[in-house]
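Colleague: whatever this is, show me its structure:
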Amino acid sequence: MSHNNTIIFRFVVNNNSGLGHFFRCLNTARKLIANYNITFIIDNKSDISLVKINKLLLYSIIQLPELNSISEEHSYLKKIIKGYNVKWFITDICTNNLLETDRDYLNRYHTSLKNSFDIKILSFEDFRINLFSSDCAVVWNAKDNHQKNHRGHKTLYGLKYFICSPEMTKLSKVERTINKNGKRLLIFISGSCNNNPTETLVEYFKEKIPNGIYVRIICSKSNYGASWERIRELCESKKMYFELFDINDQICDHLMWADLAIVGEGLIKYEAAILGTPAIQISTTDHRNEALDDYKNWNCSIVINSIDKIKIYDYAMDLLNNFRLRKEFWKNGKKNIDGYGFKRIFCDELNIIKDEEDGY
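Modeller: Residues are numbered from 1 along each chain as shown. Just a heads-up that it's a prediction; the model follows:
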């Protein structure tokens, strides 16, 4: 395959952005790799080790040096992708205070990119409803009640465009068994350790949880640092029942294992729903957006709007012992999200993949 078939992904991945933007791009790239060369571009603040840890893709990874402006970045990009016939430039750039980006940042970024290159841009965006300057914006966590086009740019709203891994799409069609006696608990709050209660929960659960219940904890070794070591030590002290895992792209295996998952605010809550894994979802900021209102109405989890270890533990024990409610959560999650977002975007809307079976 030559450089004439190249798709570039530009995203951020670090403790402040979390890992969702990377995994969204990774899941997309894995379904495009049979037809295109894939190049990942990250900024100098991103943790390249988090990208390199995945061994499943034959992609190039380019880390940008420190650049002071959008125009500087695009001048640099001109040099490094010279000679590539880039079919699409896909962005998944988080905008928040921790990353020093404002709400208009993506509009400026895409406008400058279009002025610098004759290129089509697909943007994965969160919560935005206007000021789009990419050719197509996918806003999966905004409700489908806005106009579809903004100044000539296609906009795809809603969770029907949610992209998950190829394995997760396949597993979502498997009839799974909901165990009558729940004994397997998964804790995966976030790829970022900011405002993350994982260590607090593990410390409390270790002392309270009865023997015979098996607990898996997932967190990013790179992002958590010293907290990872403390969690590891807590698990070691009860190693027959507690296991700690670093984050990788095979989260679906853990979700299929679990009778119940304690999850955070990011992609993981939707991935649990796709696979029918009953959940307790901890929300400290997302509870102010419309997309979470939809998620709550699915009735596939208990949503707790605080980090209260006693409350979370009590709900977890109650749910593990409540077969009827967990089975209801399983049915409701799978009913509301199907994992075919990639097909809808890349086959049906954009025709980037011609055959609807490609990438599956």
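Colleague: and residue 47, what is it in contact with?
Modeller: 13-15, 222-223 (CB atoms under 8 Å, 6 or more residues apart in numbering). Just so you know, the C-beta spots here come from the backbone N, C-alpha and C atoms, and that holds for glycine as well.
Colleague: out of these, which is most surrounded?
Modeller: Within the contacts of residue 47, neighbour counts (other CB atoms under 10 Å) peak at residue 13, which reaches 30 neighbours.
Colleague: and the nearest residue to it once chain neighbours are set aside, what's its pLDDT?
Modeller: Excluding its sequence neighbours, the residue lying closest to residue 13 (CB to CB, 6 or more residues apart in numbering) is residue 22, at 4.0 Å. For residue 22, the model assigns a pLDDT of 87.
Colleague: who are the packing partners of the helix or strand hosting residue 312?
Modeller: For residue 312, the host element (DSSP states H and E) is helix 309-320. Secondary-structure packing of helix 309-320 (3 or more CB pairs under 8 Å, 6 or more residues apart in numbering; DSSP states H and E): helix 198-208, strand 260-263, strand 279-282, strand 301-304, helix 323-336.
Colleague: now the ones you listed as TSV including mean pLDDT?
Modeller: Putting those into TSV (pLDDT from 0 to 100) gives the following:
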stretch	mean pLDDT
helix 198-208	93
strand 260-263	96
strand 279-282	94
strand 301-304	92
helix 323-336	92
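Colleague: which of these sits closest to residue 311?
Modeller: strand 301-304 (6.3 Å; CB to CB).
Colleague: contacts for the closest one next, please.
Modeller: 263, 269, 272-273, 278-283, 287, 292, 295-296, 311-312, 315, 319, 329, 333.
Colleague: pretty sure residue 73 contacts residue 64?
Modeller: Yes. Assessed by CB atoms under 8 Å, residue 73 is found in contact with residue 64 at 6.5 Å.
Colleague: which of the two has more residues huddled nearby?
Modeller: Neighbours were counted for residue 73 and for residue 64 using other CB under 10 Å; residue 73 has more, 20 against 17.
Colleague: now that one, nearest residue through space, not along the chain?
Modeller: That would be residue 67: by CB to CB, 6+ apart, it lies 4.8 Å from residue 73.
Colleague: equivalent analysis for residue 340, please.
Modeller: residue 169 (6.8 Å).
Colleague: next secondary structure element downstream of the lowest-mean-pLDDT helix or strand in the chain?
Modeller: Ranking every helix and strand in the chain by mean pLDDT, DSSP states H and E puts strand 149-150 at the bottom, with a mean of 58. The helix or strand immediately downstream of strand 149-150 is strand 153-157, counting by DSSP H and E.
Colleague: outside of the next helix-or-strand element following that next one, which residues touch it?
Modeller: Where DSSP H and E defines the elements, the next helix or strand beyond strand 153-157 is helix 166-171. Helix 166-171 is contacted by residues 27, 30-31, 250, 252, 256, 271, 274-275, 339-340, 342, 359-360 when judged by CB under 8 Å, 6+ apart.
Colleague: write the PyMOL selection for whichever of those residues are buried.
Modeller: The PyMOL command for the buried members of those (criterion: 16 or more other CB atoms under 10 Å) is given here:
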select buried, resi 27+30+31+252+256+271+274+275+339+340+342+359
